[in-house]
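> got a predicted model here, sequence first, then my questions.
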Amino acid sequence: NAGVTQTPKFRVLKTGQSMTLLCAQDMNHEYMYWYRQDPGMGLRLIHYSVGEGTTAKGEVPDGYNVSRLKKQNFLLGLESAAPSQTSVYFCASSYSRAEAFFGQGTRLTVV
Amino acid sequence: RKEVEQDPGPFNVPEGATVAFNCTYSNSASQSFFWYRQDCRKEPKLLMSVYSSGNEDGRFTAQLNRASQYISLLIRDSKLSDSATYLCVVNPGGITGNQFYFGTGTSLTVIP
């Protein structure tokens, strides 16, 4: 019973490099979300999707792009990584306003 | 103004104590409310949903006051295993696309 799976779990990037974080869910949820979590800031929404082929900006979208080509996958891209993007990234999915299920997180360090 | 505000603590309580966490939210039209638990270096996990009539799950009681836009979580007979960060979560629903807004979390340490 996989739930929400994120890859990779850890990554170190150099400033200016790009990368894509993958989130996959097997619960047939319509809604998917990308959050970042920083000390003292709580979880902040980066982008979200209300269904296949749709994306929308959250609270802190700058420097990130997303795509939802398939219902089960939600990709988060960093085109040119900056040290300010060092964080723990969580993907989540939900069915309507019910419980959100989270992946295990990706710890990203940008040096 | 933040969507959800919580006292960050930390709360350090002895085993067996009762502890209460509070949370306020800014959007009066919010429709769904939750308490999540997050262990160190782990993902958040649902502790319990919060219903208008209040609800209880074992040692945990959650209450919602819509008039004051206030949510609470009461933990009775604290156990060492309750040590974690507790996150207050609100989902306004509707045209916002079902976004979940998180408080910064309240840290609890239960001491032997």
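It's in. A quick note: this is a predicted structure, and the numbers were derived from the prediction, not measured.
> how about low-confidence regions in chain B?
B:94-97 (pLDDT under 70).
> can you pull the residues of it lying near chain A?
Selection of chain B residues close to chain A by CB under 8 Å from any CB of the partner chain yields B:8, B:31-32, B:34, B:42-46, B:49, B:87, B:89, B:91, B:93, B:97-105. In this view, the C-beta of every residue, glycine as well, is placed from N, C-alpha and C.
> and the buried ones among those residues, selectable in PyMOL?
Listed next is the PyMOL selection for buried residues among those, using 16 or more other CB atoms under 10 Å in any protein chain shown:
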select buried, chain B and resi 32+34+43+44+46+49+87+89+91+93+97+98+99+100+101+102+103+104+105
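> and the residues of chain B next to chain A, which of them are in strands?
B:Ser32, B:Phe34, B:Lys45, B:Leu46, B:Ser49, B:Leu87, B:Val89, B:Asn91, B:Tyr101, B:Phe102 (DSSP state E).
> which non-adjacent residue is nearest the fifth one?
Setting aside the residues directly before and after it, B:Ser49 is nearest to B:Phe34 in space (CB to CB, 6 or more residues apart in numbering or on different chains), at 5.4 Å.
> for the residue nearest to the spatial centre of chain A, which residues make a bridge with it?
With distances taken as CA atoms, centre = their mean, A:Trp34 lies nearest the centre of chain A, 3.1 Å away. Assessed by DSSP bridges, A:Trp34 has beta-bridge partners A:His47, A:Cys91.
> excluding its backbone neighbours, what's nearest A:Thr5?
Counting by CB to CB, 6+ apart, A:Ala24 is the residue found nearest to A:Thr5 once chain neighbours are left out, at 4.9 Å.
> quick one: end-to-end length of stretch A:62-78, please.
Stretch A:62-78 stretches 10 Å from its first residue to its last (CA to CA, to the nearest Å).
> buried sites along that stretch?
Those buried within stretch A:62-78 under the rule 16+ other CB under 10 Å are A:Tyr64, A:Val66, A:Arg68, A:Lys71, A:Gln72, A:Asn73, A:Phe74, A:Leu75, A:Leu76, A:Leu78.
> before we move on, what about stretch A:17-24?
Buried, per 16+ other CB under 10 Å, within stretch A:17-24: A:Met19, A:Leu21, A:Cys23, A:Ala24.
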